[in-house]
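*Asks:* The sequence isn't on hand, but the structure is:
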C-alpha cells in the first residue's frame, strides 16, 4: 500500500445550524462561498479536537472545506473518511462518498481506479462536541 502526497487547503466557514434543512446541498454550497473564518494548509487531513487549534474556529456550527489537486499513478485506490458529524467527498466535482447524517464518528470508504490528475474536495459539517475529520487516500492491491 502506498499513500500519495496530498497538499490540502482547508477553509472553515461559520454555519447557521438553525437554518433548515441542514442537508440542503444548495445551502451548504452557498455558505461555503462566504469568506473563511480561518484557513489551514496541511499534507495530512487528520483534524481531531475538542478545543479548536485556532481561536477563530468555533467549536460548533462550522463547515469545513478541504481541497487538493493530486497526481495518481495506476490504481486502484481506497479513499476512507472518518468523520463526526457529516462528510461528503467529491473527485473532479463528482460526488463519490456521502455520509451526511450527523452523529458519532463514522467510517466510510470508496474505491476507485483512475490514474492522472484529480481535484479532491471534502465538505465536513461540525454541529457540536468532538470535531473529527480524517481522510486517507491509499493505493491498494487490485
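*Replies:* On my side now, so go ahead. Everything numeric here is computed off the predicted structure, so don't read it as measured data. Numbering: from 1, shown residues only.
*Asks:* On the strand side of things, show who residue 48 bridges to.
*Replies:* residue 132 (DSSP bridges).
*Asks:* what's the spacing between it and residue 118?
*Replies:* 25 Å (Cβ to Cβ, to the nearest Å). Backbone N, C-alpha and C define where each C-beta goes, glycine included.
*Asks:* So for those two, which residue has more residues nearby?
*Replies:* Using other Cβ atoms under 10 Å as the criterion, residue 48 and residue 118 rank with residue 118 on top: 17 against 12.
*Asks:* could you say what helices and strands whatever helix or strand that one lives in packs with?
*Replies:* Element membership of residue 118, judged by DSSP states H and E, is strand 116-126. Under the contact criterion of 3 or more Cβ pairs under 8 Å, 6 or more residues apart in numbering; DSSP states H and E, the helices and strands touching strand 116-126 comprise helix 25-32, strand 62-72, strand 77-84, strand 86-91, strand 131-139.
*Asks:* how about a markdown table for these, with mean pLDDT and distance to residue 125 added?
*Replies:* Shown next, in a markdown table, are these (pLDDT from 0 to 100; distance: least, Cβ to Cβ, whole Å):
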| stretch | mean pLDDT | distance to residue 125 |
| --- | --- | --- |
| helix 25-32 | 84 | 8 |
| strand 62-72 | 95 | 6 |
| strand 77-84 | 96 | 9 |
| strand 86-91 | 95 | 4 |
| strand 131-139 | 95 | 10 |
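*Asks:* Residue 41 is nearest to which of those?
*Replies:* Across those, residue 41 has its closest neighbour in strand 62-72 (10.0 Å, Cβ to Cβ).
*Asks:* Show me what counts as buried in the helix or strand bottoming out on mean pLDDT in the chain.
*Replies:* Lowest on mean pLDDT, DSSP states H and E among the helices and strands of the chain sits helix 25-32, with a mean of 84. Of the residues in helix 25-32, 28, 31-32 count as buried by neighbour count, 16 or more other Cβ atoms under 10 Å.
*Asks:* Turn the residues you listed into a markdown table, columns for distance to residue 138.
*Replies:* Below are the buried residues of helix 25-32 laid out as a markdown table (distance: Cβ to Cβ, whole Å):
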| residue | distance to residue 138 |
| --- | --- |
| 28 | 27 |
| 31 | 31 |
| 32 | 27 |
